[in-house]
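Chemist: Please work out how this folds:
(one chain, ligands or ions: 1)
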Amino acid sequence: MSIFGILAVITSLTVTLIGFPAQIIKNYKRKSCEGIAPLLIYCACLTYSLWTLYGWTKPDLFLIISQTSGCAFSFIVLFQLFYYARKETKMQCDKCGKEMKIEKLVPRMSQRVIGKQYFKMKCPSCGEIKYMKPTKVR
Ligand SMILES: [Zn+2]
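Modeler: Numbering: from 1, shown residues only. Just a heads-up that it's a prediction; the model follows:
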């Protein structure tokens, strides 16, 4: 393997084994994923998943090690993205003032950009329904 090949292997591993864990720890400590573009994480999950599948079919040990870890870590960030957005999204009911509960994450028809999703909020006492943009996922 050439010097560039060796350097490529090392730097690829630093992204998956140092870069992703650093982001995961940061998100965990601040209990937020603010500032991370969801589209970046969606693309990372897709890319690492396909490279992992390709690595296992070859089979190529370097691809398996670097891409499988990348796959696992990118899905952890994806989980954090939705988990913290859900925790931080709070809304009061207009009619009775109670805190509304999140029913589910739904894409709005007016939004054509991938990653623009809204929470469907429902009031537990009067049944009022509203849609709210996740506050910290942007
Ligand atoms: Zn209400």
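Chemist: tell me which residues of the host helix or strand of Cys43 are tucked away?
Modeler: Using DSSP states H and E, Cys43 sits within helix 38-57. Judged by neighbour count (16 or more other CB atoms under 10 Å), helix 38-57 contains these buried residues: 38, 41, 44-45, 48-49, 51-52, 55. In short, each C-beta sits where N, CA and C put it, glycine included.
Chemist: ok, of the residues you listed, which one's closest to the ion?
Modeler: Among the buried residues of helix 38-57, Pro38 lies closest to the ion (CB to the ion), at 29.6 Å.
Chemist: Could you double-check that that closest one sits in contact with Leu81?
Modeler: Yes. Using CB atoms under 8 Å, Pro38 is in contact with Leu81, at 5.9 Å.
Chemist: Mind picking out the helix or strand in this structure with the poorest mean pLDDT?
Modeler: Using mean pLDDT, DSSP states H and E, strand 101-107 stands out as the lowest-scoring helix or strand of the chain, at a mean of 80.
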